[in-house]
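J.: no FASTA, just this:
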(Lines give C-alpha, C1' and ligand atoms only; values in the text may rest on other atoms or scores of the structure.)
Protein backbone atom coordinates (compact mmCIF):
# COMPACT_ATOMS: atom_id res chain seq x y z
CA UNK A 1 0.00 0.00 0.00
CA UNK A 2 1.13 3.50 -0.76
CA UNK A 3 -0.34 6.59 0.90
CA UNK A 4 -3.00 4.52 2.67
CA UNK A 5 -4.34 2.79 -0.43
CA UNK A 6 -3.26 0.15 -2.91
CA UNK A 7 -2.52 1.33 -6.42
CA UNK A 8 -1.66 -2.13 -7.74
CA UNK A 9 -0.04 -5.23 -6.33
CA UNK A 10 1.57 -8.37 -7.66
CA UNK A 11 3.14 -10.97 -5.36
CA UNK A 12 4.16 -14.60 -5.71
CA UNK A 13 4.69 -17.14 -2.92
CA UNK A 14 6.04 -20.66 -3.36
CA UNK A 15 6.80 -23.62 -1.08
CA UNK A 16 9.58 -25.91 -2.25
CA UNK A 17 10.43 -29.42 -1.11
CA UNK A 18 14.04 -28.46 -0.34
CA UNK A 19 16.35 -28.30 2.66
CA UNK A 20 17.36 -24.64 2.52
CA UNK A 21 19.01 -22.89 5.52
CA UNK A 22 16.61 -20.39 6.98
CA UNK A 23 19.14 -17.53 7.01
CA UNK A 24 19.64 -18.06 3.32
CA UNK A 25 16.07 -17.21 2.52
CA UNK A 26 15.71 -14.06 4.58
CA UNK A 27 17.84 -11.44 2.83
CA UNK A 28 17.14 -7.84 3.71
CA UNK A 29 13.89 -6.61 2.24
CA UNK A 30 12.25 -10.06 1.91
CA UNK A 31 9.71 -11.66 4.17
CA UNK A 32 9.32 -15.21 5.35
CA UNK A 33 9.15 -17.60 8.30
CA UNK A 34 11.55 -20.13 9.78
CA UNK A 35 10.95 -23.74 8.87
CA UNK A 36 9.58 -24.44 12.32
CA UNK A 37 6.69 -22.02 11.92
CA UNK A 38 3.63 -22.08 9.73
CA UNK A 39 2.70 -19.41 7.20
CA UNK A 40 -0.81 -17.94 7.21
CA UNK A 41 -2.70 -18.33 3.91
CA UNK A 42 -3.97 -15.37 1.92
CA UNK A 43 -7.21 -14.09 3.47
CA UNK A 44 -9.02 -14.27 0.13
CA UNK A 45 -7.44 -17.51 -1.10
CA UNK A 46 -10.66 -19.50 -1.43
CA UNK A 47 -9.10 -22.54 -3.22
CA UNK A 48 -7.46 -24.55 -0.43
CA UNK A 49 -4.40 -26.69 -1.23
CA UNK A 50 -5.10 -30.36 -1.88
CA UNK A 51 -3.16 -31.55 1.17
CA UNK A 52 -4.70 -28.92 3.50
CA UNK A 53 -1.24 -28.78 5.06
CA UNK A 54 -0.54 -25.47 6.82
CA UNK A 55 2.69 -25.08 4.84
CA UNK A 56 1.16 -25.83 1.43
CA UNK A 57 1.02 -22.59 -0.60
CA UNK A 58 0.51 -21.33 -4.11
CA UNK A 59 1.66 -18.70 -6.58
CA UNK A 60 -0.74 -15.77 -6.70
CA UNK A 61 -1.00 -12.54 -8.64
CA UNK A 62 -2.91 -9.68 -7.03
CA UNK A 63 -3.81 -6.58 -9.02
CA UNK A 64 -5.78 -3.52 -7.93
CA UNK A 65 -7.48 -1.63 -10.78
CA UNK A 66 -8.63 1.39 -8.77
CA UNK A 67 -11.90 -0.24 -7.69
CA UNK A 68 -11.41 -3.94 -7.04
CA UNK A 69 -8.61 -6.18 -5.83
CA UNK A 70 -8.14 -9.28 -8.00
CA UNK A 71 -6.37 -12.26 -6.36
CA UNK A 72 -5.78 -15.25 -8.63
CA UNK A 73 -4.25 -18.59 -7.71
CA UNK A 74 -1.85 -19.80 -10.40
CA UNK A 75 -0.66 -23.18 -9.10
CA UNK A 76 0.19 -25.10 -5.90
CA UNK A 77 3.41 -26.72 -4.75
CA UNK A 78 2.86 -29.22 -1.96
CA UNK A 79 5.65 -30.07 0.55
CA UNK A 80 6.57 -33.69 1.14
CA UNK A 81 9.55 -33.86 3.47
CA UNK A 82 11.54 -30.91 4.70
CA UNK A 83 9.28 -27.88 4.58
CA UNK A 84 10.79 -24.46 4.11
CA UNK A 85 8.81 -21.31 3.30
CA UNK A 86 10.38 -19.05 0.69
CA UNK A 87 8.99 -15.59 -0.10
CA UNK A 88 10.09 -13.28 -2.85
CA UNK A 89 8.43 -9.89 -2.70
CA UNK A 90 9.09 -6.71 -4.59
CA UNK A 91 7.98 -3.23 -3.65
CA UNK A 92 4.21 -3.48 -3.01
CA UNK A 93 3.24 -2.91 -6.63
CA UNK A 94 4.40 -4.86 -9.71
CA UNK A 95 2.53 -4.56 -12.99
CA UNK A 96 4.37 -6.62 -15.62
CA UNK A 97 5.61 -10.15 -16.04
CA UNK A 98 9.14 -8.95 -16.91
CA UNK A 99 9.49 -7.70 -13.34
CA UNK A 100 8.15 -10.96 -11.90
CA UNK A 101 10.68 -12.88 -13.95
CA UNK A 102 13.51 -10.63 -12.71
CA UNK A 103 12.59 -11.36 -9.09
CA UNK A 104 12.52 -15.06 -9.70
CA UNK A 105 15.85 -15.08 -11.55
CA UNK A 106 17.62 -13.48 -8.62
CA UNK A 107 16.85 -16.49 -6.41
CA UNK A 108 16.59 -19.43 -8.78
CA UNK A 109 20.31 -20.19 -8.46
CA UNK A 110 20.10 -20.40 -4.68
CA UNK A 111 17.21 -22.81 -5.02
CA UNK A 112 19.20 -25.08 -7.34
CA UNK A 113 22.17 -25.24 -4.99
CA UNK A 114 19.98 -25.92 -1.95
CA UNK A 115 18.01 -28.76 -3.55
CA UNK A 116 19.22 -32.00 -1.90
CA UNK A 117 16.11 -34.03 -1.38
CA UNK A 118 13.97 -36.15 -3.68
CA UNK A 119 13.72 -33.52 -6.46
CA UNK A 120 16.62 -32.31 -8.56
CA UNK A 121 17.43 -28.66 -9.05
CA UNK A 122 16.40 -28.92 -12.72
CA UNK A 123 12.99 -30.23 -11.67
CA UNK A 124 12.50 -27.35 -9.26
CA UNK A 125 13.75 -24.82 -11.84
CA UNK A 126 11.37 -26.24 -14.42
CA UNK A 127 8.46 -26.11 -12.02
CA UNK A 128 9.38 -22.60 -10.98
CA UNK A 129 9.65 -21.41 -14.60
CA UNK A 130 6.29 -23.00 -15.40
CA UNK A 131 4.73 -21.08 -12.55
CA UNK A 132 6.27 -17.85 -13.82
CA UNK A 133 4.99 -18.53 -17.32
CA UNK A 134 1.51 -19.15 -15.92
CA UNK A 135 1.71 -15.93 -13.95
CA UNK A 136 2.87 -14.00 -17.02
CA UNK A 137 0.08 -15.49 -19.14
CA UNK A 138 -2.45 -14.54 -16.51
CA UNK A 139 -1.05 -11.03 -16.28
CA UNK A 140 -1.27 -10.58 -20.05
CA UNK A 141 -4.85 -11.84 -20.06
CA UNK A 142 -5.80 -9.60 -17.15
CA UNK A 143 -4.31 -6.40 -18.59
CA UNK A 144 -5.79 -7.07 -22.02
CA UNK A 145 -9.28 -6.97 -20.48
CA UNK A 146 -8.59 -4.06 -18.12
CA UNK A 147 -10.09 -0.75 -19.21
CA UNK A 148 -7.38 1.16 -17.34
CA UNK A 149 -3.92 1.66 -18.81
CA UNK A 150 -1.21 -0.06 -16.78
CA UNK A 151 2.28 1.26 -17.54
CA UNK A 152 5.89 0.79 -16.39
CA UNK A 153 8.61 3.36 -17.09
CA UNK A 154 12.35 2.74 -16.69
CA UNK A 155 13.50 5.87 -14.89
CA UNK A 156 17.23 5.18 -15.30
CA UNK A 157 17.08 4.54 -19.05
CA UNK A 158 14.19 6.95 -19.60
CA UNK A 159 12.21 4.53 -21.71
CA UNK A 160 8.82 2.88 -21.58
CA UNK A 161 8.98 -0.77 -20.52
CA UNK A 162 5.32 -1.65 -20.72
CA UNK A 163 1.89 -0.20 -21.50
CA UNK A 164 -1.27 -2.30 -21.52
CA UNK A 165 -3.49 -2.64 -24.62
CA UNK A 166 -6.12 -0.29 -23.10
CA UNK A 167 -3.86 2.59 -24.16
CA UNK A 168 -5.07 2.33 -27.75
CA UNK A 169 -8.73 2.47 -26.65
CA UNK A 170 -8.30 5.40 -24.25
CA UNK A 171 -5.76 7.47 -26.18
CA UNK A 172 -6.91 6.43 -29.65
CA UNK A 173 -3.26 6.06 -30.70
CA UNK A 174 -1.17 3.05 -31.75
CA UNK A 175 0.76 1.39 -28.94
CA UNK A 176 3.76 0.82 -31.22
CA UNK A 177 4.34 4.56 -31.55
CA UNK A 178 4.36 4.93 -27.77
CA UNK A 179 6.99 2.21 -27.43
CA UNK A 180 9.03 3.86 -30.17
CA UNK A 181 8.75 7.39 -28.70
CA UNK A 182 7.57 7.76 -25.14
CA UNK A 183 7.32 11.51 -25.87
CA UNK A 184 4.03 10.58 -27.59
CA UNK A 185 2.50 10.66 -24.12
CA UNK A 186 3.54 14.27 -23.48
CA UNK A 187 2.46 15.39 -26.94
CA UNK A 188 -1.01 13.88 -26.46
CA UNK A 189 -1.71 16.01 -23.37
CA UNK A 190 -3.82 19.13 -23.70
CA UNK A 191 -1.48 22.16 -24.04
CA UNK A 192 -2.99 23.82 -20.96
CA UNK A 193 -2.22 20.73 -18.84
CA UNK A 194 1.05 19.58 -20.41
CA UNK A 195 3.62 21.25 -18.15
CA UNK A 196 1.68 20.46 -15.00
CA UNK A 197 1.25 16.79 -15.94
CA UNK A 198 4.95 16.39 -16.80
CA UNK A 199 5.97 18.03 -13.52
CA UNK A 200 3.66 15.67 -11.60
CA UNK A 201 5.19 12.67 -13.38
CA UNK A 202 8.73 13.76 -12.49
CA UNK A 203 7.71 14.43 -8.90
CA UNK A 204 6.85 10.74 -8.47
CA UNK A 205 10.53 9.84 -8.84
CA UNK A 206 11.45 12.29 -6.09
CA UNK A 207 8.69 11.23 -3.70
CA UNK A 208 8.43 8.11 -1.59
CA UNK A 209 4.66 8.34 -1.69
CA UNK A 210 2.28 7.28 -4.40
CA UNK A 211 0.73 10.20 -6.24
CA UNK A 212 -2.16 10.91 -8.56
CA UNK A 213 -2.94 13.80 -10.85
CA UNK A 214 -5.55 14.69 -13.44
CA UNK A 215 -5.04 16.02 -16.93
CA UNK A 216 -6.74 16.17 -20.31
CA UNK A 217 -5.62 14.43 -23.47
CA UNK A 218 -6.40 15.23 -27.10
CA UNK A 219 -7.26 12.20 -29.19
CA UNK A 220 -6.46 12.20 -32.93
CA UNK A 221 -10.18 12.62 -33.70
CA UNK A 222 -10.19 15.91 -31.77
CA UNK A 223 -12.13 14.70 -28.73
CA UNK A 224 -10.93 15.55 -25.24
CA UNK A 225 -10.71 12.93 -22.50
CA UNK A 226 -10.03 13.41 -18.79
CA UNK A 227 -7.41 11.12 -17.26
CA UNK A 228 -6.45 10.42 -13.66
CA UNK A 229 -2.94 8.96 -13.48
CA UNK A 230 -1.73 7.17 -10.34
CA UNK A 231 1.88 6.17 -9.93
CA UNK A 232 4.72 5.29 -7.55
CA UNK A 233 8.45 4.63 -7.81
CA UNK A 234 10.33 1.34 -7.38
CA UNK A 235 13.66 2.08 -5.65
CA UNK A 236 16.95 0.35 -5.03
CA UNK A 237 18.50 -0.22 -1.59
CA UNK A 238 19.84 3.33 -1.59
CA UNK A 239 16.46 4.81 -2.34
CA UNK A 240 17.17 5.76 -5.94
CA UNK A 241 14.24 5.48 -8.34
CA UNK A 242 14.55 2.55 -10.75
CA UNK A 243 11.12 2.33 -12.33
CA UNK A 244 7.85 4.23 -12.14
CA UNK A 245 4.71 2.13 -12.24
CA UNK A 246 1.26 3.55 -12.74
CA UNK A 247 -2.28 3.17 -13.87
CA UNK A 248 -4.15 5.70 -16.03
CA UNK A 249 -7.94 5.76 -15.83
CA UNK A 250 -10.36 7.50 -18.19
CA UNK A 251 -12.64 9.57 -15.94
CA UNK A 252 -14.26 11.67 -18.67
CA UNK A 253 -17.85 10.67 -17.85
CA UNK A 254 -17.30 11.20 -14.14
CA UNK A 255 -15.58 14.52 -14.74
CA UNK A 256 -18.37 15.71 -17.04
CA UNK A 257 -20.93 14.73 -14.40
CA UNK A 258 -18.95 16.68 -11.79
CA UNK A 259 -18.76 19.72 -14.06
CA UNK A 260 -22.50 19.51 -14.74
CA UNK A 261 -23.14 19.31 -11.01
CA UNK A 262 -20.93 22.35 -10.47
CA UNK A 263 -22.77 24.27 -13.20
CA UNK A 264 -26.12 23.44 -11.63
CA UNK A 265 -24.86 24.44 -8.20
CA UNK A 266 -23.59 27.77 -9.53
CA UNK A 267 -26.93 28.33 -11.29
CA UNK A 268 -28.88 27.64 -8.09
CA UNK A 269 -26.53 29.90 -6.14
CA UNK A 270 -27.09 32.60 -8.73
CA UNK A 271 -30.86 32.19 -8.41
CA UNK A 272 -30.55 32.37 -4.62
CA UNK A 273 -28.39 35.48 -4.58
CA UNK A 274 -30.15 37.38 -7.37
CA UNK A 275 -33.76 36.56 -6.49
CA UNK A 276 -35.83 39.66 -5.68
CA UNK A 277 -37.52 37.84 -2.80
CA UNK A 278 -35.97 37.01 0.54
CA UNK A 279 -34.88 33.35 0.59
CA UNK A 280 -33.73 31.87 3.88
CA UNK A 281 -32.43 28.31 4.26
CA UNK A 282 -32.70 26.78 7.71
CA UNK A 283 -31.67 23.59 9.46
CA UNK A 284 -34.16 21.19 11.01
CA UNK A 285 -34.21 23.30 14.20
CA UNK A 286 -35.24 26.42 12.28
CA UNK A 287 -31.81 28.02 12.64
CA UNK A 288 -30.49 30.09 9.74
CA UNK A 289 -27.99 28.44 7.40
CA UNK A 290 -28.03 31.03 4.62
CA UNK A 291 -29.58 34.45 4.13
CA UNK A 292 -29.62 35.87 0.61
CA UNK A 293 -29.01 39.55 -0.30
CA UNK A 294 -32.74 40.20 -0.74
CA UNK A 295 -33.27 39.06 2.85
CA UNK A 296 -30.51 41.42 3.98
CA UNK A 297 -32.26 44.29 2.22
CA UNK A 298 -35.74 43.34 3.42
CA UNK A 299 -35.00 42.71 7.09
CA UNK A 300 -31.90 44.88 7.61
CA UNK A 301 -29.70 42.09 9.02
CA UNK A 302 -26.30 41.28 7.56
CA UNK A 303 -25.94 37.59 6.74
CA UNK A 304 -23.23 37.11 9.39
CA UNK A 305 -25.66 38.38 12.04
CA UNK A 306 -28.22 35.71 11.22
CA UNK A 307 -26.34 32.43 10.74
CA UNK A 308 -27.19 29.85 13.45
CA UNK A 309 -29.89 32.08 14.96
CA UNK A 310 -33.57 31.15 15.20
CA UNK A 311 -35.51 32.80 12.37
CA UNK A 312 -38.53 33.70 14.49
CA UNK A 313 -36.28 35.51 16.98
CA UNK A 314 -35.03 37.69 14.15
CA UNK A 315 -38.17 38.70 12.27
CA UNK A 316 -41.06 38.60 14.78
CA UNK A 317 -42.30 40.73 17.64
CA UNK A 318 -44.76 39.88 20.45
CA UNK A 319 -47.84 40.64 18.34
CA UNK A 320 -47.00 37.94 15.74
CA UNK A 321 -44.63 35.57 17.56
CA UNK A 322 -47.37 33.07 18.47
CA UNK A 323 -48.56 32.87 14.86
CA UNK A 324 -44.98 32.53 13.60
CA UNK A 325 -44.14 29.78 16.09
CA UNK A 326 -47.22 27.82 15.02
CA UNK A 327 -46.13 28.06 11.40
CA UNK A 328 -42.64 26.92 12.39
CA UNK A 329 -43.99 23.85 14.19
CA UNK A 330 -46.00 22.94 11.10
CA UNK A 331 -43.09 23.12 8.67
CA UNK A 332 -40.67 21.30 11.02
CA UNK A 333 -43.10 18.38 11.10
CA UNK A 334 -43.01 18.22 7.29
CA UNK A 335 -45.98 20.38 6.33
CA UNK A 336 -45.69 22.67 3.31
CA UNK A 337 -46.77 26.23 4.11
CA UNK A 338 -48.78 27.66 1.24
CA UNK A 339 -48.33 31.43 0.63
CA UNK A 340 -50.06 33.54 3.25
CA UNK A 341 -50.10 37.22 4.17
CA UNK A 342 -48.64 38.25 7.48
CA UNK A 343 -46.48 40.84 9.21
CA UNK A 344 -42.78 40.45 9.97
CA UNK A 345 -40.33 42.97 11.38
CA UNK A 346 -37.08 44.59 10.35
CA UNK A 347 -34.04 44.82 12.56
CA UNK A 348 -34.96 48.44 13.37
CA UNK A 349 -38.43 47.36 14.50
CA UNK A 350 -40.41 48.57 11.50
CA UNK A 351 -43.20 46.20 10.41
CA UNK A 352 -43.26 44.73 6.90
CA UNK A 353 -46.30 43.38 5.12
CA UNK A 354 -45.16 40.13 3.50
CA UNK A 355 -46.40 37.07 1.67
CA UNK A 356 -44.62 34.17 3.37
CA UNK A 357 -44.24 30.53 2.36
CA UNK A 358 -42.18 27.61 3.58
CA UNK A 359 -41.28 24.08 2.62
CA UNK A 360 -39.36 21.25 4.30
CA UNK A 361 -36.22 19.96 2.55
CA UNK A 362 -35.89 16.18 2.43
CA UNK A 363 -32.73 14.27 1.47
CA UNK A 364 -33.22 10.50 1.10
CA UNK A 365 -36.55 10.74 2.96
CA UNK A 366 -34.91 12.48 5.91
CA UNK A 367 -35.77 16.06 6.93
CA UNK A 368 -32.55 18.03 6.52
CA UNK A 369 -33.82 21.59 6.59
CA UNK A 370 -36.37 24.21 5.57
CA UNK A 371 -36.55 26.94 2.96
CA UNK A 372 -38.54 30.08 3.78
CA UNK A 373 -39.56 32.73 1.23
CA UNK A 374 -40.79 36.25 1.88
CA UNK A 375 -42.19 38.74 -0.64
CA UNK A 376 -42.40 42.32 0.57
CA UNK A 377 -45.90 43.58 -0.26
CA UNK A 378 -45.74 46.73 1.85
CA UNK A 379 -45.87 49.01 -1.20
CA UNK A 380 -48.57 46.86 -2.75
CA UNK A 381 -50.63 47.13 0.41
CA UNK A 382 -50.17 50.88 0.41
CA UNK A 383 -51.29 51.01 -3.21
CA UNK A 384 -54.31 48.86 -2.41
CA UNK A 385 -55.22 51.11 0.47
CA UNK A 386 -54.85 54.18 -1.72
CA UNK A 387 -57.01 52.57 -4.39
CA UNK A 388 -59.68 51.69 -1.89
CA UNK A 389 -59.60 55.22 -0.58
CA UNK A 390 -59.89 56.58 -4.11
CA UNK A 391 -62.76 54.23 -4.87
CA UNK A 392 -64.52 55.35 -1.72
CA UNK A 393 -64.17 59.00 -2.73
CA UNK A 394 -65.41 58.25 -6.25
CA UNK A 395 -68.37 56.33 -4.94
CA UNK A 396 -69.23 59.17 -2.60
CA UNK A 397 -69.15 61.66 -5.46
CA UNK A 398 -71.00 59.23 -7.75
CA UNK A 399 -73.73 58.65 -5.22
CA UNK A 400 -74.22 62.26 -4.15
CA UNK A 401 -73.87 64.16 -7.44
CA UNK A 402 -77.23 65.88 -8.28
CA UNK A 403 -77.23 64.86 -11.96
CA UNK A 404 -78.54 61.40 -13.02
CA UNK A 405 -75.67 58.96 -13.79
CA UNK A 406 -75.94 55.43 -15.15
CA UNK A 407 -73.23 52.89 -16.05
CA UNK A 408 -74.18 50.90 -19.18
CA UNK A 409 -72.33 47.83 -20.48
CA UNK A 410 -71.35 48.36 -24.14
CA UNK A 411 -71.62 44.70 -25.20
CA UNK A 412 -75.33 44.32 -24.47
CA UNK A 413 -76.48 47.85 -23.38
CA UNK A 414 -77.55 46.51 -19.96
CA UNK A 415 -77.43 48.84 -16.99
CA UNK A 416 -74.71 47.98 -14.44
CA UNK A 417 -75.36 50.71 -11.87
CA UNK A 418 -77.21 54.01 -11.31
CA UNK A 419 -76.77 56.76 -8.75
CA UNK A 420 -79.43 58.11 -6.43
CA UNK A 421 -80.20 61.12 -8.68
CA UNK A 422 -80.98 58.81 -11.64
CA UNK A 423 -83.54 56.92 -9.56
CA UNK A 424 -85.01 60.18 -8.31
CA UNK A 425 -85.39 61.75 -11.79
CA UNK A 426 -86.81 58.67 -13.55
CA UNK A 427 -88.87 57.21 -10.75
CA UNK A 428 -87.26 53.75 -11.21
CA UNK A 429 -85.50 52.01 -8.31
CA UNK A 430 -81.98 50.52 -8.67
CA UNK A 431 -83.44 47.00 -8.57
CA UNK A 432 -85.75 47.80 -11.52
CA UNK A 433 -83.04 49.37 -13.66
CA UNK A 434 -79.90 47.21 -13.08
CA UNK A 435 -79.70 44.31 -15.55
CA UNK A 436 -82.16 45.80 -18.05
CA UNK A 437 -81.77 48.03 -21.10
CA UNK A 438 -83.19 51.51 -21.60
CA UNK A 439 -85.17 50.18 -24.57
CA UNK A 440 -86.79 47.45 -22.44
CA UNK A 441 -88.16 49.88 -19.88
CA UNK A 442 -89.05 52.58 -22.48
CA UNK A 443 -86.80 55.24 -21.00
CA UNK A 444 -86.15 57.00 -24.37
CA UNK A 445 -89.24 58.85 -25.68
CA UNK A 446 -87.83 58.73 -29.22
CA UNK A 447 -85.99 55.53 -30.12
CA UNK A 448 -84.04 57.25 -32.91
CA UNK A 449 -82.37 59.53 -30.36
CA UNK A 450 -81.05 56.46 -28.54
CA UNK A 451 -79.70 55.06 -31.82
CA UNK A 452 -78.06 58.43 -32.59
CA UNK A 453 -76.25 58.36 -29.26
CA UNK A 454 -75.05 54.76 -29.75
CA UNK A 455 -73.70 55.58 -33.22
CA UNK A 456 -71.75 58.55 -31.83
CA UNK A 457 -70.28 56.40 -29.08
CA UNK A 458 -69.24 53.75 -31.58
CA UNK A 459 -67.58 56.30 -33.86
CA UNK A 460 -66.05 58.73 -31.42
CA UNK A 461 -66.11 56.91 -28.07
CA UNK A 462 -67.91 59.83 -26.48
CA UNK A 463 -71.07 62.02 -26.70
CA UNK A 464 -71.45 65.47 -25.20
CA UNK A 465 -74.67 67.39 -24.46
CA UNK A 466 -76.98 65.48 -26.82
CA UNK A 467 -80.52 66.83 -26.33
CA UNK A 468 -83.13 64.06 -25.89
CA UNK A 469 -86.54 63.39 -24.36
CA UNK A 470 -87.11 60.73 -21.69
CA UNK A 471 -90.19 59.16 -20.12
CA UNK A 472 -90.38 58.72 -16.38
CA UNK A 473 -91.92 55.71 -14.67
CA UNK A 474 -95.22 57.55 -14.27
CA UNK A 475 -95.33 58.50 -18.04
CA UNK A 476 -94.14 62.08 -17.86
CA UNK A 477 -91.85 63.27 -20.68
CA UNK A 478 -88.78 65.21 -19.63
CA UNK A 479 -86.09 66.87 -21.78
CA UNK A 480 -82.42 66.63 -20.87
CA UNK A 481 -78.84 66.82 -22.16
CA UNK A 482 -77.03 63.48 -22.44
CA UNK A 483 -73.22 63.10 -22.16
CA UNK A 484 -71.53 59.69 -22.31
CA UNK A 485 -68.05 58.21 -22.65
CA UNK A 486 -66.76 54.68 -23.16
CA UNK A 487 -64.26 53.48 -20.45
CA UNK A 488 -62.82 50.23 -19.22
CA UNK A 489 -64.44 48.91 -16.08
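T.: It's in. Keep in mind that what you see is a predicted model, and the values were worked out from it rather than measured.

J.: count of residues packed around residue 287?
T.: Residue 287 is surrounded by 16 other residues when neighbours are defined as other CB atoms under 10 Å. Backbone N, C-alpha and C define where each C-beta goes, glycine included.

J.: likewise residue 334?
T.: Here the count is done by other CB under 10 Å, and residue 334 has 11 residues near it.

J.: start at 24, not 1
T.: Will do, 24 is the new start, and the previous item becomes residue 357.

J.: hang on, it packs against residue 390?
T.: Yes. Residue 357 is in contact with residue 390 according to CB atoms under 8 Å; the separation is 6.4 Å.

J.: okay, and the common contacts of the two?
T.: Overlap between the contact sets of residue 357 and residue 390, as judged by CB atoms under 8 Å, 6 or more residues apart in numbering, is given by residue 383.

J.: what's stretch 384-394 in contact with?
T.: For stretch 384-394, with CB under 8 Å, 6+ apart as the criterion, the contacting residues are 302-307, 309, 312, 354-355, 357, 381-383.

J.: what sits closest to residue 184 if chain neighbours are left out?
T.: Distances taken as CB to CB, 6 or more residues apart in numbering put residue 175 closest to residue 184, at 4.3 Å, once the chain neighbours are dropped.

J.: how much space between the one you found and residue 419?
T.: Using CB to CB, to the nearest Å, one gets 97 Å for the distance from residue 175 to residue 419.

J.: between these two, which is the more surrounded one?
T.: When neighbours are counted by other CB under 10 Å, residue 175 comes out ahead of the other of residue 175 and residue 419, with 21 against 10.

J.: and that one, bridged to which residues?
T.: Residues in a beta bridge with residue 175, per DSSP bridges, are residue 185, residue 268.

J.: try residue 366
T.: Residue 366 forms beta bridges with residue 376, as assigned by DSSP bridges.

J.: show me what contacts it?
T.: For residue 366, the contacting residues are 342, 343, 374, 375, 376, 377, taking CB under 8 Å, 6+ apart as the criterion.

J.: the last one: how many residues sit nearby?
T.: Here the count is done by other CB under 10 Å, and residue 377 has 24 residues near it.

J.: could you check which helix or strand contains the residue lying closest to residue 305 once chain neighbours are set aside?
T.: Leaving out its chain neighbours, the residue that sits closest to residue 305 by CB to CB, 6+ apart is residue 393, at 4.3 Å. Counting by DSSP states H and E, the element that carries residue 393 is strand 389-399.

J.: partner strands of that strand, with direction?
T.: Looking at strand 389-399 with DSSP bridges, its partner strands are strand 301-305 (antiparallel), strand 374-386 (antiparallel).

J.: which secondary structure elements does the helix or strand following the shortest one sit against?
T.: Under the assignment DSSP H and E, the closest C-terminal helix or strand after strand 301-305 is strand 311-314. With contacts taken as 3 or more CB pairs under 8 Å, 6 or more residues apart in numbering; DSSP states H and E, strand 311-314 sits against strand 301-305, helix 326-329.

J.: let me see the mean pLDDT of strand 311-314.
T.: Taken as a whole, strand 311-314 has an average pLDDT of 94.

J.: which ones are touching residue 469?
T.: In this structure, residue 469 makes contact with 491, 492, judged by CB under 8 Å, 6+ apart.

J.: any idea how many residues pack against residue 301?
T.: 24.

J.: follow-up on the earlier one: of all the helices and strands packed on strand 311-314, which one is nearest residue 429?
T.: strand 301-305 (47.9 Å; CB to CB).

J.: starting at the chain centroid, how far to the closest one?
T.: Strand 301-305 has its C-alpha centroid displaced from the chain centroid by 20 Å (CA atoms, centre = their mean, to the nearest Å).

J.: average pLDDT for it?
T.: 94.

J.: quick one: buried residues of that strand?
T.: 301, 302, 303, 305 (16 or more other CB atoms under 10 Å).

J.: export those residues as CSV, with columns for distance to residue 260.
T.: Rendered in CSV, the data for those read as follows (distance: CB to CB, whole Å):
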residue, distance to residue 260
301, 68
302, 64
303, 64
305, 61
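
J.: closest to residue 188 out of those residues?
T.: When the buried residues of strand 301-305 are compared for distance to residue 188, the smallest value, 53.4 Å, is given by residue 302; criterion: CB to CB.

J.: re the thing from before, quick one: which of the helices and strands packed on strand 311-314 is nearest residue 369?
T.: With respect to residue 369, and counting by CB to CB, the nearest of the helices and strands packed on strand 311-314 is strand 301-305 at 11.3 Å.

J.: what's in contact with that closest one?
T.: 295, 311-315, 317-318, 320-322, 329, 334, 384, 392-399.

J.: go again using 6 Å as the cut-off
T.: Residues outside strand 301-305 that contact it (CB atoms under 6 Å, 6 or more residues apart in numbering): 295, 311-315, 317-318, 321, 392-397.

J.: what about the residue nearest to residue 305, how many residues nearby?
T.: What residue 393 shows, counting by other CB under 10 Å, is a neighbour count of 24.

J.: could you list the low-confidence segments of the stretch 24-173 of the chain?
T.: 24-168 (pLDDT under 70).

J.: hmm, 80 instead?
T.: 24-169 (pLDDT under 80).

J.: next up, the contacts around residue 241.
T.: Remark: with contacts taken as CB under 6 Å, 6+ apart, residue 241 is in contact with residue 213.

J.: just list whatever residues bridge to it.
T.: Going by DSSP bridges, residue 241 is paired in beta bridges with residue 247.

J.: separation between it and residue 211?
T.: The gap separating residue 241 from residue 211 is 6 Å, by CB to CB.

J.: now residue 457: phi and psi?
T.: phi -60, psi 130 (degrees, to the nearest 10).

J.: in a strand, residue 342, correct?
T.: No. Counting by DSSP: H, G, I helix; E, B strand; the rest coil, residue 342 falls outside a strand, being coil.

J.: tell me, what's the model's pLDDT at it?
T.: On the pLDDT scale, residue 342 is placed at 95.

J.: which residue sits closest to it, ignoring its sequence neighbours?
T.: Sequence neighbours aside, residue 366 is the residue nearest to residue 342 in space, at 7.6 Å (criterion: CB to CB, 6+ apart).

J.: show me the shaky parts of the stretch 374-512 of the chain.
T.: Under the criterion of pLDDT under 80, the regions of the stretch 374-512 of the chain flagged as low confidence span 512.

J.: re earlier: could I get the contacts of residue 366 as a markdown table with distance to residue 511?
T.: A markdown table is the format used below for the contacts of residue 366 (distance: CB to CB, whole Å):
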| residue | distance to residue 511 |
| --- | --- |
| 342 | 40 |
| 343 | 39 |
| 374 | 35 |
| 375 | 33 |
| 376 | 28 |
| 377 | 31 |
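
J.: now list the buried members of those.
T.: Of all the contacts of residue 366 considered here, the ones buried according to neighbour count by 16+ other CB under 10 Å are 343, 375, 376, 377.

J.: which one of those sits closest to residue 463?
T.: The closest of those, once distances to residue 463 are taken by CB to CB, is residue 376, at 46.7 Å.
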